[in-house]
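A.B. asks: Prediction below, plus the sequence it came from.
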Amino acid sequence: MYRIDRCPCCRERLDESCPALLAPFLAERVLGGSASACSLMTCPTCGLRCFDGRFDEMEMGRLYQGYREEDYYRVRHRWEPWYTSKVNAALSQDPAEMAARKTNVFRLISRTLEGASPGRILDFGGDQGQFIPDEWEAERFVFEISGRAPLPGIQSIEKRSDLEGACFDLVMLCHVLEHLSDPAAQMGILHSLIGPSGVLYVEVPLERPNLHWAGSWPWTRPGLHWLARHPWLLRLVDLYSTVFRIRRGTIPLGGFLKASEHINFFTVRSLDALMRRMGFQVLACEELAFQGAYCEAKVLGCVARRSSPSPQLGFMPGVHEACPGPPRHGL
C-alpha cells in the first residue's frame, strides 16, 4: 500500500479533510492485518475527494480475485454482519435496478448522439455486459477477466492482448473509476479503443456525505487507532456510521469515516478535469438516479469524445492494465 498527495484527476496538491480508517475486511483480505488509519483528502482545484491510501497491483489482485465469492463474503460478513448473503447476491443483479440503470444510460447517450446508433459496443470491466442497453442493434462485447460468462448476445473478451488494434463506436466504463488507484491510467487505455467518431460513456457513483462531524471527538486519529484494537466496538460504531452515511448522507456525531472499496469520489468538475487531461472532450455530464439495493442511489453519467492523440502516461505503482471487474455500487 502506498500514499498519494496529488489529485488523480488534475494533479494538483491535495488537502487533508479528515482522518479515516481502512475497512477491517479489506485490511484482512488484502493486507493480512488489522484496520489502520488513513486520510480522506480533497482537491481544492477540482473538488475530488479521495483516500490517500492506495493498493498496488498485487494488492488489487488479492482484493478482486474471486470477488463476491465464498471467501470474500465470509471475511466481509464477519466484519460487517449487515452485509448479508442476500445483499452480496443482489448487488447489480436486481432486474428492476438493472432496467432503470440501462434506461438512464440509453437516454443520455442517445440524446448526446442525437439518436445515432453505435455499431460496435464494448463494456470495459463490465461483468456480464448487463449495463449495455437493449435498444441498440449492435455488435456487443464485454472485456472481463474474471471468467464470468457474458449474457446471451454479448461476446466475451478476456485478454488485454485481444483488444490490440480493436476499435469501437461506444466504450462503456461503468462503476470502475471509483475503485482504481490511478484512474488516469485506465482512461489512457480506453483512449486508443475509441474510433474517430466514437464516444466514451463513464458512470461513477455520486457520493458526497456531509463531513461536519467526521474526525471529531472521540474518533480523531488517536481515537481511531484505539478503536481498531477493539473489534466488537469497531463493528458497532461502523454499523452506526454506515446507516447514517447511506440513509442520511452524513457522518454522524460519534461516527467515523471508513475507506472501503470506493476510494475516489467525483464531482462533475473533477470528472471533467480527468477527461480533459486524458485527451477527451466532455459532451454531456449529468446526475442520474435509480433505486439501489439499500436506497435511492445517484450517479454521474458522462459522455465524451476523443479530442487529442493518446496521452503519454507515467504509470503509478497501483496501476493495472485491466480492471478485474470491481463492484457495481459496492459499499
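C.D. replies: Alright, I've got the coordinates.
A.B. asks: Every contact and neighbour count from this point should use C-alpha atoms.
C.D. replies: Noted.
A.B. asks: Please identify the helix or strand for residue 247.
C.D. replies: Residue 247 is part of helix 231-248 when elements are defined by DSSP states H and E.
A.B. asks: So which elements touch that helix?
C.D. replies: helix 221-228 (3 or more C-alpha pairs under 8 Å, 6 or more residues apart in numbering; DSSP states H and E).
A.B. asks: Would you pull up how far the helix it packs on lies from the middle of the chain?
C.D. replies: 27 Å (C-alpha atoms, centre = their mean, to the nearest Å).
A.B. asks: Chain neighbours aside, what residue packs nearest to residue 198?
C.D. replies: Excluding the flanking residues, the one nearest residue 198 by C-alpha to C-alpha, 6 or more residues apart in numbering is residue 169, at 4.1 Å.
A.B. asks: I figured residue 155 was touching residue 141, is that so?
C.D. replies: Yes: Residue 155 sits in contact with residue 141 when judged by C-alpha atoms under 8 Å, with a separation of 4.6 Å.
A.B. asks: Who has more neighbours out of these two?
C.D. replies: residue 141 (23 against 17; other C-alpha atoms under 10 Å).
A.B. asks: show me the contacts for that one.
C.D. replies: Counting by C-alpha atoms under 8 Å, 6 or more residues apart in numbering, residue 141 touches 120-123, 129, 154-157.
A.B. asks: Next, format the residues you listed as TSV and append secondary structure.
C.D. replies: Output for the contacts of residue 141, formatted as TSV (DSSP: H, G, I helix; E, B strand; the rest coil):
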residue	secondary structure
120	strand
121	strand
122	strand
123	strand
129	coil
154	coil
155	strand
156	strand
157	strand
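A.B. asks: what's the closest of these to residue 269?
C.D. replies: Of all the contacts of residue 141, residue 269 sits closest to residue 123, with 24.1 Å by C-alpha to C-alpha.
A.B. asks: Tell me, how many residues neighbour the closest one?
C.D. replies: Neighbour number of residue 123 under other C-alpha under 10 Å is 25.
A.B. asks: How about it: which residues does it bridge to?
C.D. replies: Judged by DSSP bridges, the bridge partners of residue 123 are residue 142, residue 172.
A.B. asks: Let's see the pLDDT reported for it.
C.D. replies: Listed pLDDT for residue 123 reads 95.
A.B. asks: I'd guessed it sits against residue 132; true?
C.D. replies: Yes: counting by C-alpha under 8 Å, residue 123 touches residue 132, with 7.1 Å between them.
A.B. asks: measure residue 235 to residue 78 for me?
C.D. replies: Per C-alpha to C-alpha, to the nearest Å, residue 235 is found 9 Å from residue 78.
A.B. asks: try residue 290
C.D. replies: Distance from residue 290 to residue 78, by C-alpha to C-alpha: 29 Å.
A.B. asks: now swap in residue 101 and tell me
C.D. replies: For residue 101 relative to residue 78 (C-alpha to C-alpha), the value is 31 Å.
A.B. asks: Check residue 265 too.
C.D. replies: Counting by C-alpha to C-alpha, the gap from residue 265 to residue 78 is 26 Å.
A.B. asks: re earlier: how far does the helix holding residue 247 sit from the chain's center?
C.D. replies: On C-alpha atoms, centre = their mean, the centre of helix 231-248 falls 21 Å from that of its chain.
A.B. asks: Next secondary structure after it?
C.D. replies: strand 258-259.
A.B. asks: where's that following strand relative to the chain centroid, distance-wise?
C.D. replies: 14 Å.
A.B. asks: and it, what's its mean pLDDT?
C.D. replies: pLDDT averaged over strand 258-259 gives 97.
A.B. asks: which other helices and strands contact the following helix or strand past it?
C.D. replies: As assigned by DSSP H and E, the chain's next helix or strand after strand 258-259 is strand 264-265. Using 3+ C-alpha pairs under 8 Å, 6+ apart, the elements in contact with strand 264-265 are strand 49-51.
A.B. asks: Pull out the buried positions in the helix or strand of the chain with the lowest mean pLDDT.
C.D. replies: Taking mean pLDDT, DSSP states H and E as the measure, helix 85-90 is the helix or strand of the chain with the lowest mean score, a mean of 82. By 16 or more other C-alpha atoms under 10 Å, the buried positions in helix 85-90 come out as residue 88.
A.B. asks: ditto for stretch 191-200
C.D. replies: So, applying 16+ other C-alpha under 10 Å, buried residues of stretch 191-200: 191-195, 198-200.
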